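> structural data only, the sequence is not supplied:
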């Protein structure tokens, strides 16, 4: 690492997260979502996930699946998005499972001779209107065509709910729609039925026939914990919740959550320059920041090409927060005091500045934040016994 800008990924924390999740639920298949380089944590977290109990991986594309297959020859891998028909031979050759969302695709598969049996998961559109079968007749036809073809194997069926079901009537409608669409199929004969993602997993009891669950943001340390207290305010909240459920005939949601998971991703850089500025001076491009007094400016070697901009609002240096006043592609300028020196380590988020705080400042969520951090940033994977620097 030549530029001192890096992310620390604590693989032990991720391992602990998965173990704690699995201890709370009862599924046969725990599908770890590792798309976009494992939410930008880096695919070198995978050994810790497997050790903790993840027994299936899921990605968004064949490219991602093949990259993982270079290192992990046996773990099942599901591609969550449909792939071009001319790529299915490559998927079959590498024992990679594909997702199918319409009957015409199944009909095209029928004429292809595969080197290995091609494993398929059918996508059901429960109401998100993104991907998936939307009518019972097509699903039934797909089920028959796959079962009649010795080169194809229907390993799974899944959906992706558009809403979390937190006091949410539309969620109930989606659940009902899925079971209606699948009512002609004996779901007990499908090895992997996976409907839940992280948020819906936490909010609802296990759905009938489901044998698997997908773990995304939950696995990476975000469980949105909440627990009612015994005070009068929370008593009223419960009463209001129960009234709402009854009035609108909404299924019961699980409100309280004390699942022990933690973020494993922290981000750092360093001070590369310090200079004095005076009242009336400008800092950064286009004169967007005009100094209202004399102070010191520290330049930090991280910028929006790395996924970090002035809207983060603060960085931490020597356990103290400082205001970001300007940004550019490769650097931030920060208003500091005399205690800050060149080469001091800068925390972008981690201990003093939490991911939740950054997300609040950016008006976004951890999904977006993790995926904003670009591959220019070196990842340092740590465990109790090992430290490994990876440039993706």
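In hand now; what should we look at? Fair warning: this is a prediction, and the values are worked out from it, not measured in the lab. Residues are numbered from 1 along each chain as shown.
> for the stretch 101-250 of the chain, which segments count as strands?
118-124, 152-159, 192-194, 212-215 (DSSP state E, counting those that start in this stretch).
> make TSV out of these and add mean pLDDT and mean neighbour count.
All C-beta atoms are positioned from the backbone trio N, CA, C, and that covers glycine. Output for the strands of the stretch 101-250 of the chain, formatted as TSV (pLDDT from 0 to 100; neighbours: other Cβ atoms under 10 Å):
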stretch	mean pLDDT	mean neighbour count
strand 118-124	98	23
strand 152-159	98	23
strand 192-194	98	23
strand 212-215	98	25
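> quick check: which of those is nearest to residue 51?
Nearest to residue 51 among the strands of the stretch 101-250 of the chain is strand 212-215; the distance by Cβ to Cβ comes to 14.6 Å.
> counting contacts, what elements does that closest one pack onto?
Strand 212-215 sits against strand 29-33, strand 192-194, helix 198-203, with contacts defined as 3 or more Cβ pairs under 8 Å, 6 or more residues apart in numbering; DSSP states H and E.
> which one of the ones you listed lies nearest to residue 302?
Nearest of those to residue 302, taken as Cβ to Cβ: strand 29-33 at 26.9 Å.
> neighbouring strands - and their directions - for that closest one?
For strand 29-33, the paired strands and their directions (DSSP bridges) are strand 56-59 (parallel), strand 212-215 (parallel).
> and after that strand, which helix or strand comes next?
Past strand 29-33, further along toward the C-terminus, the next helix or strand under DSSP states H and E is helix 35-39.
> can you redo the helices and strands packed on strand 212-215 as CSV with distance to residue 81?
Converted to CSV, the helices and strands packed on strand 212-215 look like this (distance: least, Cβ to Cβ, whole Å):
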stretch, distance to residue 81
strand 29-33, 12
strand 192-194, 15
helix 198-203, 18
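> which of the ones you listed has the lowest mean pLDDT?
Lowest mean pLDDT of the helices and strands packed on strand 212-215: helix 198-203, a mean of 90.
> what packs against it?
So helix 198-203, by 3+ Cβ pairs under 8 Å, 6+ apart, packs with strand 212-215.
> show me what the strand it packs on is in contact with.
Residues outside strand 212-215 that contact it (Cβ atoms under 8 Å, 6 or more residues apart in numbering): 18, 21, 25, 27-33, 54, 56, 58, 156, 158, 192-194, 196-198, 201.
> buried ones among those residues?
18, 21, 27, 29-33, 54, 56, 58, 156, 158, 192-194, 196-198, 201 (16 or more other Cβ atoms under 10 Å).
> residue 280: which of the strands of the stretch 101-250 of the chain is closest?
Nearest to residue 280, of all these, is strand 212-215, at 53.5 Å by Cβ to Cβ.
> mind listing what's buried in the longest helix along the chain?
For the chain, the longest helix by residue count, based on DSSP state H, is helix 232-247. Burial within helix 232-247, assessed by neighbour count using 16+ other Cβ under 10 Å, is assigned to residue 241.
> please begin residue numbering at 43 from this point
That works, and once the first residue is 43, the last one we named lands at helix 274-289.
> residues making contact with the worst-scoring helix or strand of the chain on mean pLDDT?
When the helices and strands of the chain are compared on mean pLDDT, DSSP states H and E, helix 274-289 comes out lowest with a mean of 78. Contacting residues not belonging to helix 274-289 are listed as 209, 270, 292, 293, 294, 295, 297 [Cβ under 8 Å, 6+ apart].
> with stretch 379-395 instead?
Here stretch 379-395 has contacts from 46, 50, 308-316, 337-338, 340, 342, 344, 350, 354, 356-364, 376, 397, 399-400, using Cβ under 8 Å, 6+ apart.
> are any of these buried, and which?
Buried, going by 16+ other Cβ under 10 Å: 46, 50, 308-314, 316, 337-338, 340, 342, 344, 350, 354, 356-359, 364, 376, 397, 400, out of the contacts of stretch 379-395.
> looking at the residues you listed, which are in helices?
397, 400.
> got the confidence number for residue 395?
As predicted, residue 395 sits at a pLDDT of 98.
> burial check on it, number of neighbours?
Other residues lying near residue 395 total 20 when counted by other Cβ atoms under 10 Å.
> pretty sure it is in a helix, no?
No: counting by DSSP: H, G, I helix; E, B strand; the rest coil, residue 395 is not found in a helix; it is coil.
> gap between residue 63 and residue 179?
As for residue 63, its distance to residue 179 is 37 Å (criterion: Cβ to Cβ, to the nearest Å).
> next: residue 412.
Counting by Cβ to Cβ - residue 412 and residue 179 are separated by 40 Å.
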